[in-house]
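Engineer: Quick one, fold the following:
(one chain, ligands or ions: 1)
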Amino acid sequence: MLSLLADGRVNSRIANYTQFWDQDSSQDKKEHTDNRIANYTDVINGYYDGATELYEYGWGTSFHFSRFFKGEGFVQSLARHEHYLAAQMGLRPGMRVLDVGCGVGGPAREIAQFTDATIVGVNNNDFQIGRARKYTKAAGLESQVTYVKGDFMKLVEQFGEGSFDAVYAIEATVHAPNWEGIYGQILKILKPGGVFGVYEWCMTDRWDKTNPLHKSIAHGIEVGDGIPEMRTIDECRAAVKAVGFQIEHEEDLAERPDPIPWYYPLEGDISKAQTFWDYITVWRMSWSGKFVTHHALRILEAVGLVPKGTWEVGETLKTAAAALVKGGQMKLFTPMYLVIARKPASS
Ligand SMILES: C[S@@+](CC[C@H](N)C(=O)[O-])C[C@H]1O[C@@H](n2cnc3c(N)ncnc32)[C@H](O)[C@@H]1O
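Structural biologist: Next up is the predicted model:
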């Protein structure tokens, strides 16, 4: 039975989340993937109903990865990653911009302040939309940054064709049941000549789907992050082109020779913290930090302070962290495949 909480979360879909996967990756068959793709809304909302508070606790209000300079603080690096995308896209004051899969609005608020553009965030998760509005009001940005509840596979229905100067998506469109669907919707809602920028989650050219270790890493990322099916860089590029975009720039930013890898905060190695304040962020991912969170969540769930199933989603986040770090170390996975693409002016 559906039990809708006052904050927009649905108890049963959090508790049901892990049933979409076979916990043994070697047993995860095509019918499981097909089922997740067919039920992508339940998979993703179940995941984010359970994971949002954990993300905010462990990461902040921008739910994405970033590159690090030596000595650069965690929060500064997240903001720099957002500024970089905005700059690559050429976002300007006064533009109307859509943030696809906007989370709780961390990037939308930052990019709005960085560019003076007007931003609309779209998200299918009620709980996140509520939090996004609350934080945006507190930041005094509610006239410049607004939010709409909706499925990003139905953007044309929601916004109409040719309604945005620019569209960006940060680590969100990997949740789509297929890339051609979401990129095709984005093309249509852009004005002719409009720009699309994305940080996409992809398996790299080194990933071999017949290799059991590679397969288990992709599976760990799927189950741990609410992703129906991980896909490759080649599939991403092909989908962007197939729907009619002209690619202006594409690059795996994880291939840049950074001294500190993008996955370092997940490794839980406190000695790698870049600033004093980052010790706390990194500690939460360390053995002792996970131990504390694990037991605290059990108690919070038992006394009803977090919805049933949150602890189990928390466990899947650990699976995710291990798979993301392994995928990053082996360069089989990137969370920052950057594509800047333009809608032809004459289409
Ligand atoms: C990893 S989070 C990234 C959020 C945000 N871009 C950020 O960087 O903070 C992915 C987001 O995509 C949203 N999302 C996933 N599938 C969606 C869909 N079909 N329609 C709208 N939003 C969706 C999730 O609710 C979540 O907010």
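Engineer: Please pull up the helix or strand immediately following the helix or strand of the chain with the lowest mean pLDDT.
Structural biologist: Here the helix or strand of the chain ranked lowest by mean pLDDT, DSSP states H and E is helix 11-16, holding a mean of 67. Next in sequence after helix 11-16, counting helices and strands by DSSP states H and E, comes helix 30-38.
Engineer: Mean confidence (pLDDT) on that following helix, please.
Structural biologist: Helix 30-38 carries an average pLDDT of 82.
Engineer: Go through the next helix or strand after it and flag the buried ones.
Structural biologist: Toward the C-terminus, helix 30-38 is succeeded by helix 40-58 as the next helix or strand (DSSP H and E). Residues 40, 42-56, 58 are the ones in helix 40-58 that count as buried (16 or more other Cβ atoms under 10 Å). (Each C-beta comes from the backbone N, C-alpha and C, glycine too.)
Engineer: Of those residues, which ones also sit close to the ligand?
Structural biologist: Near the ligand, taking Cβ under 6 Å from any ligand atom as the test, the members of the buried residues of helix 40-58 found are 44, 48.
Engineer: Ala139 is in contact with Arg109, isn't it?
Structural biologist: Yes - with contacts counted by Cβ atoms under 8 Å, Ala139 reaches Arg109, the gap being 5.6 Å.
Engineer: These two: which has the busier surroundings?
Structural biologist: The neighbour comparison of Ala139 against Arg109 (other Cβ atoms under 10 Å) goes to Arg109, with 25 against 15.
Engineer: How confident is the prediction for the more buried one, by pLDDT?
Structural biologist: For Arg109, pLDDT reads 98.
Engineer: Likewise for the one 5 residues further on?
Structural biologist: Phe114 carries a pLDDT score of 98 in this model.
Engineer: My guess is it contacts Ala86. True?
Structural biologist: Yes - here Phe114 reaches Ala86: they are 5.6 Å apart, a contact under Cβ under 8 Å.
Engineer: Looking at these two, which is more packed in?
Structural biologist: Ala86 (21 against 15).
Engineer: ok, that one to Lys318 distance?
Structural biologist: The spacing between Ala86 and Lys318, counted by Cβ to Cβ, to the nearest Å, is 33 Å.
Engineer: How about His32?
Structural biologist: Distance, His32 to Lys318, by Cβ to Cβ: 21 Å.
Engineer: Apart from its neighbours in sequence, what residue is nearest Lys154?
Structural biologist: Using Cβ to Cβ, 6 or more residues apart in numbering and skipping residues adjacent in sequence, the residue nearest Lys154 is Gln185, 7.2 Å away.
Engineer: So the one you found sits against Leu155, correct?
Structural biologist: Yes - Gln185 is in contact with Leu155 according to Cβ under 8 Å; the separation is 4.1 Å.
Engineer: And these two? Which one has more around it.
Structural biologist: Neighbour count, other Cβ under 10 Å: between Gln185 and Leu155, Leu155 has more, with 26 against 23.
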